[in-house]
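> Sequence and predicted structure below; questions after.
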Amino acid sequence: MADKPAVHPTAIVSPKARLGANIEIGPFCIVHDNVEIEDHCVFGSHCEIGVPTSLSNGSPLRIAAHSLIRSHSIFYEASQFGERLVTGHRVTVREHTQAGKNLQIGTLSDIQGDCRIGDYVRLHSNVHIGKQSVIGDFVWIFPYVVLTNDPTPPSDTLLGCEVGDYSALATMSVILPGVKIGQHCLVGAHACVGKNVPDHMIAAGVPAKIIGPTSNIKLRDSSGASAYPWTSHFTRGYPDEVTALWKNS
Amino acid sequence: MADKPAVHPTAIVSPKARLGANIEIGPFCIVHDNVEIEDHCVFGSHCEIGVPTSLSNGSPLRIAAHSLIRSHSIFYEASQFGERLVTGHRVTVREHTQAGKNLQIGTLSDIQGDCRIGDYVRLHSNVHIGKQSVIGDFVWIFPYVVLTNDPTPPSDTLLGCEVGDYSALATMSVILPGVKIGQHCLVGAHACVGKNVPDHMIAAGVPAKIIGPTSNIKLRDSSGASAYPWTSHFTRGYPDEVTALWKNS
Amino acid sequence: MADKPAVHPTAIVSPKARLGANIEIGPFCIVHDNVEIEDHCVFGSHCEIGVPTSLSNGSPLRIAAHSLIRSHSIFYEASQFGERLVTGHRVTVREHTQAGKNLQIGTLSDIQGDCRIGDYVRLHSNVHIGKQSVIGDFVWIFPYVVLTNDPTPPSDTLLGCEVGDYSALATMSVILPGVKIGQHCLVGAHACVGKNVPDHMIAAGVPAKIIGPTSNIKLRDSSGASAYPWTSHFTRGYPDEVTALWKNS
């Protein structure tokens, strides 16, 4: 059991980087000066961690314990992540991203920074999170979804999107600047959402319209049960203390 | 003429990897233990080949002869590819992908695994193939197309898409879970396909509708000939023995 | 102050590469033979610069002075770029791309080559520029936009798109083959544009329709001013001599 970082001999790690115990750093990685990595984190190959930026105000990249960053990923300084961050390959995370615990970021996803992300959020592959986005807890965002922020591009006005707790944004949907998605909502695949979506509602189409409550959607299994709220039937990957709360709600 | 692998001195190749003759492995590559690469294959720089996963059941990554994997690509163990696989840069291929011969995978494409792909399939840039997808022979999939699988996201139900032989899916289209695209179909750019598409039909729009037979579409050259089936006029890159069969059909 | 290239010791740089003064080349980079890099350029880590191709006709990759290429990017030989090129991470640029000065290429963008790009063009993240595209000056292209070229995919007919000076293409829009976007146009988010767009017009929807002049759109700040032409209010990052011309026009 190694107490010191297990750094591959080809990795380039700044002596100023603050690394906890039981850290693994893969081949051909670069770890810059201004990082604080807690215990039991693993970095795959070809990553660049703590990229310096003039926008950091000196803040470090902080990654909490038990995190796994897969290969070819890039994190800037001046962001922080709660424990058990897990990423796919080739993710990019810019400065001033504040994320809770148990965040998953899929392969190729691109977080532009200046944003807040809650606990237990799951971003699938190739998700684009624009600056000023605010994402709640237990949110799901599926491949090729874009959260935008400039209502009159290009301009100096940035209106970030908000996505409420437990909502799911299906693949290839776009959330237009300043739109607020409520809690437990579903945005349909390929939707372009320009208006706020109330709690427990479905938005679909281009432009998206509210087409009814999510409780109208049934599971495609033999149960015939309602598919939403998804917390009523889907628990994979969540700890027992979380799913116990869902059962009682 | 080298009979042994030509491994760049900076590459890290497991001694357990089974490599054929005339293999080239570029700078800063990593080749893990559980891979079988046949003769005459080339790997560009910065690749990670045979990434271990607990989902592999011990199966190796198998890549057949005369394949070319371009730089920054990532292949997991427990997938297999027929001869003459060619990829762009930064492709990601997860475990349990079964592909035939002469597959092309474009730059940034992301194959999620647990899927079957036929012979002579061409995936252009940034294509996303969800788990449980089944893709026939001679299929074309254009940039930013997504094949989905979860009808009520998130859930434990996975309904993969099927794409029949010779069909073409134009850019930015989404195929919804469980949808079957027939043979020789055309899905229009930016379509969102939620219903099955019969053979030789065009599906277009959001949501997609069947708008007629593909034979209605004429080539934009001076011939005035029908553009579909495309095998009547397009032969670039296919071997003579294949195109000879098309002429006789 | 270094007059010679500052090449990281892990980088692999061909002695045939023609490098100017004050060049920085990051760790784990590869610079091939056929490149000409002018003074004061910086290359981040893990890049591959001047990838050889049989389609180059021997032309080099030329990058003019004061350029910044961020990490994990790939440039083929036989393209050229004016001064002050700036890229995000993991961009891919194929052969026969001709670009003016002050081009910005966002993270993950994919330029397929055989295209012309003017001065001061800004491509955001994950933009796909098909072959035969012609892009004017001061154009903005936002995330996940695709410029296509094959009207009857797959075929041997390539009809590139044209985008006029000062036009903006919002996120997730697709420009269909051969379409000409005029000057000072706005293409809405998630639009699929199949017909030409006259100067100063807005195209939106799937399929896209002309929905009015861009002057109808007001800024979302307290000014109540028209948001277009954007040159009336947005100057961030442009040199004074450029914005002075805008004020006088």
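Yep, that arrived.
> Kindly report the residues of chain A close to chain B.
Residues of chain A found near chain B (CB under 8 Å from any CB of the partner chain) are A:10, A:27-28, A:44-46, A:71-72, A:88-90, A:107-108, A:122, A:125-126, A:140, A:142-144, A:168, A:170-172, A:186, A:189-190, A:205-206, A:217-221, A:227-228, A:230, A:233-234, A:236. In this view, the C-beta of every residue, glycine as well, is placed from N, C-alpha and C.
> Could you tell me how far A:Asp39 is located from C:Ser222?
49 Å (CB to CB, to the nearest Å).
> re earlier: please list only the buried members of the residues of chain A next to chain B.
Neighbour-count burial within the residues of chain A next to chain B applies to A:10, A:27-28, A:44-46, A:71-72, A:88-90, A:107-108, A:122, A:125-126, A:140, A:142-144, A:168, A:170-172, A:186, A:189-190, A:205-206, A:217, A:219-220, A:227-228, A:230, A:233-234; the criterion is 16 or more other CB atoms under 10 Å in any protein chain shown.
> Among those, name the ones in strands.
Judged by DSSP state E, strands contain the following of these: A:122, A:140, A:168, A:186.
> Dump the residues you listed into CSV; add pLDDT and distance to chain C as well.
Rendered in CSV, the data for those read as follows (pLDDT from 0 to 100; distance: CB to the nearest CB, whole Å):
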residue, pLDDT, distance to chain C
A:Arg122, 98, 20
A:Trp140, 98, 19
A:Ala168, 98, 18
A:Leu186, 98, 18
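> Name the residue in A:Asp39 and C:Ser222 with the higher neighbour count.
More crowded of A:Asp39 and C:Ser222, by other CB atoms under 10 Å in any protein chain shown: A:Asp39, with 15 against 6.
> So that one sits against A:Ala21, correct?
Yes - contact status for A:Asp39 versus A:Ala21: in contact at 4.6 Å, counting by CB atoms under 8 Å.
> pLDDT value on A:Ser223, please?
Looking at A:Ser223, its pLDDT stands at 88.
> Quick check: closest non-adjacent residue to it.
A:His233 (7.8 Å; CB to CB, 6 or more residues apart in numbering or on different chains).
> go on, A:Asn22?
A:His40 (4.8 Å).
> if I've got this straight, the one you found is in a strand?
No - looking at A:His40 with DSSP: H, G, I helix; E, B strand; the rest coil, it is coil, so not inside a strand.
> Let's see the helix or strand of chain A with the lowest mean pLDDT as PDB, backbone CA atoms only.
The helix or strand of chain A with the poorest confidence is helix A:240-248; it has a mean of 89 (mean pLDDT, DSSP states H and E). Once non-C-alpha atoms are left out, helix A:240-248 reads as follows in PDB (Å, rounded to 0.1, in the frame of the first residue of the first chain):
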ATOM      1  CA  ASP A 240     -27.900   3.300  -0.100                       C
ATOM      2  CA  GLU A 241     -28.200   6.300   2.200                       C
ATOM      3  CA  VAL A 242     -29.300   8.400  -0.900                       C
ATOM      4  CA  THR A 243     -31.800   5.900  -2.300                       C
ATOM      5  CA  ALA A 244     -33.300   5.300   1.200                       C
ATOM      6  CA  LEU A 245     -34.200   9.000   1.200                       C
ATOM      7  CA  TRP A 246     -35.900   8.600  -2.200                       C
ATOM      8  CA  LYS A 247     -38.000   5.700  -1.000                       C
ATOM      9  CA  ASN A 248     -39.300   7.700   1.900                       C
END
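> re the thing from before, will you turn the ones in strands among the buried ones among the residues of chain A next to chain B into CSV that also has distance to C:Ile117?
Output for these, formatted as CSV (distance: CB to CB, whole Å):
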residue, distance to C:Ile117
A:Arg122, 37
A:Trp140, 37
A:Ala168, 38
A:Leu186, 39
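> quick one: which two of those residues are the most distant?
A:Arg122 and A:Leu186 (14.7 Å; CB to CB).
> Dig out what A:Cys115 forms beta bridges with.
Assessed by DSSP bridges, A:Cys115 has beta-bridge partners A:Thr97.
> A:Ile74 too?
Here A:Ile74, judged by DSSP bridges, has bridge partners A:Glu48, A:Thr92.
> Tell me, how many residues neighbour it?
For A:Ile74, using other CB under 10 Å, the count is 28.
> can you pull the contacts of it?
A:47-49, A:51, A:90-93, C:71-72, C:89 (CB atoms under 8 Å, 6 or more residues apart in numbering or on different chains).
> Next one: it relative to A:Pro15, how far apart?
21 Å.
> again with A:Gly188
Distance from A:Gly188 to A:Pro15, by CB to CB: 51 Å.
> which of the two has more neighbours?
For A:Gly188 and A:Pro15, the more surrounded residue by other CB under 10 Å is A:Gly188, and the numbers stand at 25 against 5.
> Show me the shaky parts of chain A.
Where chain A drops to pLDDT under 70, the residues are A:1-5, A:249.
> Need the outlier residue of it, farthest from its centre.
A:Ser222 (32.1 Å; CA atoms, centre = their mean).
> On the three-state scheme, that one is what?
Assignment for A:Ser222 (three-state DSSP): coil.
> before we move on, the earlier item: let me have the contacts of A:Ile74 in JSON lines, adding distance to A:Ser79 as columns.
JSON lines is the format used below for these (distance: CB to CB, whole Å):
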{"residue": "A:Cys47", "distance to A:Ser79": "14"}
{"residue": "A:Glu48", "distance to A:Ser79": "14"}
{"residue": "A:Ile49", "distance to A:Ser79": "11"}
{"residue": "A:Val51", "distance to A:Ser79": "10"}
{"residue": "A:Arg90", "distance to A:Ser79": "17"}
{"residue": "A:Val91", "distance to A:Ser79": "12"}
{"residue": "A:Thr92", "distance to A:Ser79": "11"}
{"residue": "A:Val93", "distance to A:Ser79": "6"}
{"residue": "C:Ser71", "distance to A:Ser79": "17"}
{"residue": "C:His72", "distance to A:Ser79": "19"}
{"residue": "C:His89", "distance to A:Ser79": "15"}
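> Can you tell me which of those is nearest A:Thr148?
A:Thr92 (17.0 Å).
> neighbours of the closest one, just the number please.
For A:Thr92, using other CB under 10 Å, the count is 28.
> That one contacts C:His89, doesn't it?
Yes - with contact defined as CB under 8 Å, A:Thr92 reaches C:His89; the gap is 5.7 Å.
> got the buried residues for stretch A:52-61?
A:56, A:60-61.
> Could you list the contact residues of chain A toward chain C?
So chain A meets chain C at A:10, A:12, A:28, A:30, A:46, A:48, A:51, A:72, A:74, A:90, A:92, A:108, A:110, A:112, A:126, A:128, A:144, A:146, A:148, A:151-157, A:159, A:172, A:174, A:176, A:178, A:190, A:192, A:206-207 (CB under 8 Å from any CB).
> ok so, going back, in the least confident helix or strand of chain A, which residues are buried?
For helix A:240-248, by 16+ other CB under 10 Å, it's A:242, A:246.
> for that helix, packing partners?
Under the contact criterion of 3 or more CB pairs under 8 Å, 6 or more residues apart in numbering or on different chains; DSSP states H and E, helix A:240-248 touches no helix or strand at all.
> ok now it, how far from the chain's centre?
22 Å (CA atoms, centre = their mean, to the nearest Å).
> try stretch A:186-199
19 Å.
> Can you give me the end-to-end span of it?
9 Å (CA to CA, to the nearest Å).
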